[in-house]
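> sequence? don't have it. structure:
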């Protein structure tokens with residue numbers, strides 16, 4: 001596959017680029033800062049671009065099979081997530097390229113809660129995380145209502161960070177995954193596996209899915 005990755009030098013983005021290349025895909029790795037290109041694998045085709053610029057989205061998605069966006073706004077700029085979704089969905093509507101958007105867990109339901117959202121569970125979303133969680137939820141809502149429905153929304157576990165590439169994780173449509181201790185977590189590396197699995201299978205087009213242990 002020909003895959004463009006926005007946010008390619010971030011933690012999830014780097015893991016996704018490496019996983020895609022390891023599976024033999026052709027990867028265009030997009031960063032806003034040319035100085036960060038050194039973080040990318042030599043086999044990636046590095047490009048400078050801005051996911052907020054619809055023309056960049058169009059330019060970098062032409063003749064591609066898929067765009068993966070793993071961008072994250074800085075603190076205080078959380079509302080940009082909705083603008084990012086709009087830019088991607090509008091630009092990709094023109095090129096007819098499928099979108100795999102990495103979001104947050106806020107739109108998932110809590111297990112055994114009769115459909116309560118992660119967004120409203122203070123044990124999962126403490127006050128310090130509320131702004132980014134709310135922005136992620138609004139981003140997902142924007143995808144749901146957009147005329148371009150050629151997308152999949154990837155929600156990580158409540159906690160995601162450095163760890164091993166175990167390949168021992170589960171995937172769920174719409175419900176948060178927790179382990180036997182009640183913890184919701186996954187490594188960047190295993191989440192990248194789940195993302196490239198979805199890239200190859202297109203199982204959750206127009207839906208939200210998550211991966212966790």
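The structure has been received and is ready for your questions. Values in this document were obtained by computation on a predicted structure and should not be read as measured data.

> Any buried residues in stretch 40-59, and which?
40, 44, 46, 47, 49, 50, 51, 52, 54, 56, 57, 58 (16 or more other Cβ atoms under 10 Å). (Glycine included, C-beta is placed from N, CA and C.)

> what about the helices in the chain?
Here the chain has its helices, by DSSP state H, at 11-22, 54-61, 80-95, 130-145, 188-201.

> from the buried residues of stretch 40-59, which is closest to residue 111?
Checking the buried residues of stretch 40-59 against residue 111 with Cβ to Cβ, the nearest one is residue 51 at 32.3 Å.

> Which single one of the buried residues of stretch 40-59 is nearest to residue 78?
Nearest member of the buried residues of stretch 40-59 to residue 78, counting by Cβ to Cβ, is residue 52, at 14.0 Å.

> Can you tell me the closest non-neighbouring residue to the closest one?
residue 87 (5.4 Å; Cβ to Cβ, 6 or more residues apart in numbering).

> if I look at residue 163, how far off is residue 186?
From residue 163 across to residue 186, the span is 8 Å (Cβ to Cβ, to the nearest Å).

> Neighbour count: those two, which is higher?
residue 186 (26 against 14; other Cβ atoms under 10 Å).

> and residue 66, what are its bridge partners?
Residues in a beta bridge with residue 66, per DSSP bridges, are residue 3, residue 98.
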